[in-house]
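Visitor: dropping the sequence and predicted coords here.
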Amino acid sequence: QVQLVESGGGLVQTGGSLRLSCVVSGLDFSNWSMGWFRQAPGKEREFVVSINRIGTTTYYADSVKGRFTASKDNAKNTVYLEMNNLKPEDTAVYYCATFSSVGWYRTTRERDFASWGQGTQVTVSS
């Protein structure tokens with residue numbers, strides 16, 4: 001059974017930083033590309049970033065480009081999301097997810113991701 005557990009969320013002021021972690025079990029993590037999504041109150045879940053299985057290629061949403069950085073540590077079965085210069089509009093529940101197939105390609109669609117974590121809350125105060 002595939003399990004994803006996010007952590008690292010919290011309350012931070014505008015301009016602050018947070019690092020989210022997502023530990024994955026139940027699959028050969030090194031073979032799978034990953035993604036991060038977020039869902040703000042009253043809004044649909046949206047794509048944030050994806051990263052290929054070896055962590056060398058990333059694809060960011062325009063809204064976070066230059067501020068967020070995804071990385072992948074296959075030795076620790078963990079994918080990270082470093083978030084800098086946070087803004088109130090970044091407030092959301094953040095989810096990690098596995099690609100639904102082996103490989104990586106540019107996609108923002110939820111249906112291209114199979115397993116999801118329970119999410120971690122990020123709140124940015126103004």
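Guide: It's in. Numbering: from 1, shown residues only.
Visitor: what about the residue lying closest to residue 5 once chain neighbours are set aside, how many residues nearby?
Guide: Of all residues beyond its chain neighbours, the one nearest residue 5 is residue 23 (5.1 Å), with distances taken as Cβ to Cβ, 6 or more residues apart in numbering. For the C-beta atoms, the positions are set from N, CA and C on the backbone; glycine is no exception. Using other Cβ atoms under 10 Å, residue 23 has 17 other residues around it.
Visitor: quick one, what contacts residue 23?
Guide: Neighbouring residues of residue 23 by Cβ atoms under 8 Å, 6 or more residues apart in numbering: 4-5, 7, 76-78.
Visitor: filter those down to the buried ones.
Guide: Buried members of the contacts of residue 23, counted by 16 or more other Cβ atoms under 10 Å: 4, 77-78.
Visitor: wait, doesn't residue 15 sit right on residue 88?
Guide: No - in this structure, residue 15 sits apart from residue 88 without contact. The criterion is Cβ atoms under 8 Å, and the distance is 10.6 Å.
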